[in-house]
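Student: Predicted model and sequence below, questions to follow.
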Amino acid sequence: MSPPLLRLGANPSFHEGMGELISLASGQTPYLKQVGLLKSDQFSFPVVIRPPTYAWAGVAVLASGLASALVVRRRIDRLDMVSALKARD
């Protein structure tokens, strides 16, 4: 009979660590070529990020920040501090 500590199997952290190790190793193109699962660079393509992409990303971040700030400001302006402080929760 096995000891009580080993009856439930390996620690879940061990399974998690091994899964991460295998997923990281198998996701690498050189490893897949070495094992023979990937015969060419059929899945590789160049990624080109041009300056307008960064500009649009910046505009999107600024717009969403401004929109959320306006929503928060509107809620703060509508807040009745007297009734908020009198409320018993």
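Tutor: On my side now, so go ahead.

Student: Give me the neighbour count for Tyr31.
Tutor: Counted with other Cβ atoms under 10 Å, the neighbours of Tyr31 add up to 13. Every C-beta, even on glycine, is put in place using the N, C-alpha and C of the backbone.

Student: isn't it right up against Ser23?
Tutor: No: the pair Tyr31 / Ser23 is not scored as a contact, 11.4 Å apart, by Cβ atoms under 8 Å.

Student: Tell me the first helix or strand C-terminal of the lowest-mean-pLDDT helix or strand in the chain.
Tutor: Within the chain, no helix or strand scores below helix 29-35, which has a mean of 74 by mean pLDDT, DSSP states H and E. Going down the chain from helix 29-35, the next helix or strand is helix 51-78, by DSSP states H and E.

Student: For the residue positioned nearest the centre of the chain, pull up the helix or strand it's in.
Tutor: With distances taken as Cα atoms, centre = their mean, the residue of the chain nearest its centroid is Glu20 (15.3 Å). Assigning secondary structure by DSSP H and E places Glu20 in helix 12-26.

Student: pLDDT on that helix, on average?
Tutor: Helix 12-26 shows an average pLDDT of 78 in the prediction.
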